[in-house]
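Engineer: 3D model of this:
(one chain, ligands or ions: 2)
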Amino acid sequence: MSVSNLITIDGPSGSGKGTVCHILAKKLKWHLLDSGALYRILAFAALKKQLPLNDSAALASLALTLDVSFVSNGSGVDTLLSGENIGDKLRTEVVGQAASEVASIEQVRAALLARQQAFLQAPGLIADGRDMGTVVFPDASVKIFLDASAEERAKRRFNQLQDKGFNVSIAQILSEIKERDYRDRNRAVAPLRPADDAFVIDSTSLTIDEVVEQILNLTALKLKIATE
Ligand SMILES: Nc1ncnc2c1ncn2[C@@H]1O[C@H](COP(=O)(O)OP(=O)(O)OP(=O)(O)O)[C@@H](O)[C@H]1O
Ligand SMILES: Nc1ccn([C@H]2C[C@H](O)[C@@H](COP(=O)(O)O)O2)c(=O)n1
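Structural biologist: Numbers count the residues shown, from 1 in each chain. Ligands and ions are numbered 1, 2, ... in the order given. As a prediction, the model looks like this:
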């Protein structure tokens with residue numbers, strides 16, 4: 001299928017990628033790839049098996065054999081690992097930091113590449129991650145790099161966790177966000193960075209609706225140019 005029906009959205013943790021990608025996928029009726037979920041599932045499975053998070057060969061082999069499926073449940077999507085619904089176990093800070101660690105291993109990224117590329121199916125795909133526009137889908141016609149200051153992202157995460165009833169410290173969240181940013185941006189393989197042809201949106205003082213509108217406007221403009 002044509003890669004013109006493909007929007008990649010990369011950016012650091014808490015910049016709003018997941019939220020914006022869900023809205024876009026719903027509006028456009030396109031498929032959604034949450035690539036971070038794949039790294040989180042691998043990290044979760046590795047922690048469960050008590051694999052060292054620096055054992056490249058064992059992690060890559062696990063990545064190739066993971067039995068993962070995403071199943072629509074009417075209101076959302078269930079994440080199944082070997083048939084077990086693990087969706088609510090993936091969004092913890094422990095799993096997030098472990099995902100960031102295993103994601104720095106080249107063999108792991110190679111093992112997950114084809115699995116991610118298989119999501120590109122008609123009528124189109126919204127791909128959410130760190131290297132969607134640079135490595136996984138370098139030919140995408142619309143590439144977004146969604147950013148926001150670390151302080152704003154920590155505030156968003158703080159509000160999100162408080163709403164879920166967690167007693168958290170904003171200073172602790174900010175320090176974890178900075179640690180994950182540093183690892184994701186400075187790893188040797190597929191570091192988090194905007195693709196050369198990405199459109200950078202700083203959402204620090206934008207609402208979610210404003211970000212979605214900017215992306216839809218850009219997509220309409222780009223797809224029109226591509227078909228003229
Ligand atoms: N522009 C915005 N203004 C205010 N809040 C926002 C904005 N964008 C996202 N949020 C809120 O910030 C929180 C984090 O957003 P989200 O989970 O989409 O980020 P993310 O980039 O996908 O993070 P991660 O990579 O860690 O999964 C959510 O509670 C979301 O509602
Ligand atoms: N394309 C991707 C997606 C995710 N990762 C890593 C880096 C993140 O810290 C971790 C969890 O991602 P999240 O669910 O918070 O988006 O997974 C990556 O390296 N490449």
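Engineer: and the residue minimising distance to the centre of the chain, what is it in contact with?
Structural biologist: Nearest to the geometric centre of the chain sits residue 129, at 3.0 Å (Cα atoms, centre = their mean). Shown in contact with residue 129 (Cβ atoms under 8 Å, 6 or more residues apart in numbering): 8-10, 17, 33-36, 116, 136. C-betas here are computed from N, CA, C, even on glycine.
Engineer: of all those residues, which comes closest to ligand 1?
Structural biologist: residue 17 (3.6 Å; Cβ to the nearest ligand atom).
Engineer: Tell me which other helices or strands the longest helix along the chain touches.
Structural biologist: Counting by DSSP state H, the longest helix found in the chain is helix 208-227. Contacts defined by 3 or more Cβ pairs under 8 Å, 6 or more residues apart in numbering; DSSP states H and E place helix 208-227 against strand 6-10, helix 17-28, strand 142-147, strand 199-202.
Engineer: Which one of the ones you listed lies nearest to residue 182?
Structural biologist: Closest approach to residue 182 among these (Cβ to Cβ): strand 142-147, 15.1 Å.
Engineer: now that closest one: mean pLDDT?
Structural biologist: Mean pLDDT, computed over strand 142-147, is 98.
Engineer: who touches it?
Structural biologist: For strand 142-147, the surrounding residues in contact (Cβ under 8 Å, 6+ apart) are 6-12, 15-17, 20, 132-133, 193-195, 197-204, 211, 215, 218-219, 222-223.
Engineer: what do you get if the cut-off is 7 Å, keeping everything else the same?
Structural biologist: Strand 142-147 has contacts (Cβ atoms under 7 Å, 6 or more residues apart in numbering) with 7-12, 15-17, 20, 133, 194-195, 197-203, 211, 215, 218-219, 222.
Engineer: List the buried residues in it.
Structural biologist: 142-147 (16 or more other Cβ atoms under 10 Å).
Engineer: Ok, stretch 194-212 next?
Structural biologist: For stretch 194-212, burial by neighbour count (16+ other Cβ under 10 Å) applies to 194-195, 198-199, 201, 203, 206, 211-212.
Engineer: residue boundaries of the helices in this protein?
Structural biologist: Per DSSP H, the chain carries helices over the ranges 17-28, 35-48, 56-65, 93-102, 106-117, 150-163, 170-186, 208-227.
Engineer: so which of the ones you listed gets nearest ligand 2?
Structural biologist: It's helix 35-48; of those, that one is closest to ligand 2 (Cβ to the nearest ligand atom) at 2.4 Å.
Engineer: is the helix or strand of the chain with the lowest mean pLDDT anywhere near ligand 1?
Structural biologist: Least confident helix or strand of the chain, by mean pLDDT, DSSP states H and E, is helix 208-227 with a mean of 85. Yes - Helix 208-227 is in contact with ligand 1 by Cβ under 6 Å from any ligand atom, via 208, 211.
Engineer: Give me the distance from that helix to the chain's centre.
Structural biologist: 20 Å (Cα atoms, centre = their mean, to the nearest Å).
Engineer: Same question for stretch 76-89.
Structural biologist: Averaging C-alpha positions (Cα atoms, centre = their mean) puts stretch 76-89 17 Å from its chain's average.
Engineer: What's the end-to-end length of it?
Structural biologist: Start and end residues of stretch 76-89 are separated by 16 Å (Cα to Cα, to the nearest Å).
Engineer: Please identify the buried residues of it?
Structural biologist: 77, 79-81, 86-87, 89.
Engineer: can you give me the mean pLDDT across that stretch?
Structural biologist: For stretch 76-89, the mean per-residue pLDDT is 93.
Engineer: now check that stretch, is it near ligand 2?
Structural biologist: No - looking at stretch 76-89 against ligand 2 by Cβ under 6 Å from any ligand atom, there are no contacts, and the closest approach is 11.5 Å.
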